[in-house]
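[1] Sequence and predicted structure, then a few things I'm wondering about:
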Amino acid sequence: MSEINLFNRWTVKKKHFWLAIGLGIPALCVVLFFVFTLLGLPISGASEFAYDTADFDYAEGAPLEMDFAAEAETMEESVRSSMAKDIPVENMTASTDGSAVIERLLIREGNITVAVNNTIETREKIQDIVDELAGQGAYIVTASESGRGENRQPYIQMTIRVPVKQFDSVMDQIAEMAVRVDERYQTSQDVTEEYVDLEGRIEAMEISIERLKDFMRDATLTEDLLSAEAQLAQREAELEALQGRLNYLAQSAALSLINVYLSPYELSEPIDTSWKPAETFRASLENLLDSMKGFADFLIQFGVSVLPWLIFFGLIIWGVVAVIRRRRRKKSSAGEQSE
């Protein structure tokens, strides 16, 4: 074979190579684009949850500020005076060195999960404990049970509040009812600083409200009166919110929360010998219908969303291959005639 024919074949192969590269890279990019779109993957590096902080109005969520400078001083004095007072809640911890007493306001919460021989009887015993302490404020917050079929004991969940002084005792009594204690833990939250701060803010707010009322009595201009009324309504609403939060902290500290989870002990449960083939057949039929629906949905989604693009890119690739084969045939026939 002559050197000219070798050079011509090399040139043809080079043209085919660059033609394939030129058509293949754009086609690959388009394919990747639609694959990422169908899978819901992010195309750019930006996060879907990116946000512009300019969209938020921080002024609306800011706490209300006092208009008078003297009220700020009053608040500081109220906080200092509150630190010196006894906080009227029972669960306080104090230092034992004798030099100074540091009182703390604690909110205690307990969780206990137990396995018992009879969950219904255990629930009644816990209810009796709460009834005995009802004079001290104890009560049942919530109680629920989930059934487990005939002749099977239910799972029971209870949430109770008991006086903080009886917290450890009630936890121990519930544990003694159990055949097995699966989980038991308690937490304490120190809210002394928030409680004292609320007391100071409430006292300062009450003084501010009294000043506004005095100002309204002496106001002569309608504009001043309307402005004072608006500020008075705003501060009275904030005062109610502060008092509500203070009462919640005091009640939560005085009455501790206990979450109780009762489950039947395995050995105390009868063996379930019931068999209902009709239910099994119905469940199997529903599973079959669900699987058929799922397969049909897949075929519809594939035919509508994916198949058209596969046909489109398949035609492009078939056209490129057909052009390359046709050129190869022409070159090979021309080379044979030259020989």
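    Here it is on my side, so go on.

[2] I'd guessed residue 206 sits against residue 238; true?
    No: under the criterion of C-beta atoms under 8 Å, residue 206 is not in contact with residue 238, lying 11.2 Å apart. Every residue, glycine included, has its C-beta placed from N, CA and C.

[3] Give me the below-cutoff pLDDT ranges for the stretch 151-300 of the chain.
    The model of the stretch 151-300 of the chain has pLDDT under 70 over residues 270, 272-273.

[4] 80 instead?
    151, 219, 224, 268-276 (pLDDT under 80).

[5] Spell out the residue ranges of the helices in it.
    167-176, 192-218, 222-254, 277-301 (DSSP state H, counting those that start in this stretch).

[6] Which secondary structure elements does the first one sit against?
    When contacts are defined as 3 or more C-beta pairs under 8 Å, 6 or more residues apart in numbering; DSSP states H and E, helix 167-176 packs onto strand 106-116, helix 119-132, strand 180-190, strand 255-264.

[7] Repeat that for the third one.
    Applying 3+ C-beta pairs under 8 Å, 6+ apart, we find helix 222-254 packed against strand 106-116, helix 192-218.

[8] Look up phi and psi at residue 140.
    Main-chain torsions, residue 140, degrees, to the nearest 10: phi -90, psi 120.

[9] Give me the distance between it and residue 158.
    Applying C-beta to C-beta, to the nearest Å, the value for residue 140 to residue 158 is 7 Å.

[10] of those two, who's got more company?
    For residue 140 versus residue 158, the count of surrounding residues by other C-beta atoms under 10 Å is larger for residue 158: 21 against 15.

[11] residue contacts, the more buried one?
    Residue 158 makes contacts with 123, 126, 140, 142, 143, 259, 260, 262, as judged by C-beta atoms under 8 Å, 6 or more residues apart in numbering.

[12] ok, the first one touching residue 155?
    Okay, so that is residue 123. No: here residue 123 does not reach residue 155: they are 10.8 Å apart, not a contact under C-beta under 8 Å.

[13] any residues in contact with both of the two?
    Contact criterion C-beta under 8 Å, 6+ apart; residues shared by residue 123 and residue 155: 145, 262.

[14] out of these two, which sits in the busier spot?
    residue 123 (20 against 15).

[15] What score does the more buried one have for pLDDT?
    Here, the pLDDT recorded for residue 123 equals 93.

[16] OK, contacts around the closest residue to it other than its chain neighbours?
    Distances taken as C-beta to C-beta, 6 or more residues apart in numbering place residue 156 nearest to residue 123, at 5.2 Å, with adjacent residues excluded. Applying C-beta under 8 Å, 6+ apart, we find residue 156 in contact with 119, 120, 122, 123, 143, 144, 145, 260, 261, 262.

[17] If we use 6 Å, what do you get?
    119, 123, 145, 262 (C-beta atoms under 6 Å, 6 or more residues apart in numbering).

[18] between these, which has the most around it?
    residue 262 (26 neighbours).

[19] From residue 126, how far out is that one?
    Distance of residue 262 to residue 126, computed by C-beta to C-beta: 8 Å.

[20] what number of residues lie near residue 297?
    Residues lying near residue 297 (other C-beta under 10 Å) number 10.

[21] And residue 155, how far from residue 266?
    From residue 155 to residue 266 the distance is 13 Å (C-beta to C-beta).

[22] what do you get for residue 325?
    Taking C-beta to C-beta, one finds residue 325 at 73 Å from residue 266.

[23] returning to that earlier point: Serialize the helices and strands packed on helix 222-254 to TSV and add fields for mean neighbour count and distance to residue 321.
    What follows is the helices and strands packed on helix 222-254, written out as TSV (neighbours: other C-beta atoms under 10 Å; distance: least, C-beta to C-beta, whole Å):
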stretch	mean neighbour count	distance to residue 321
strand 106-116	19	67
helix 192-218	17	75
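
[24] Mind checking what secondary structure residue 104 has?
    Three-state call for residue 104 (DSSP: H, G, I helix; E, B strand; the rest coil): coil.

[25] Does it touch residue 192 like I think?
    Yes: between residue 104 and residue 192 there is a contact under C-beta atoms under 6 Å: 4.9 Å.
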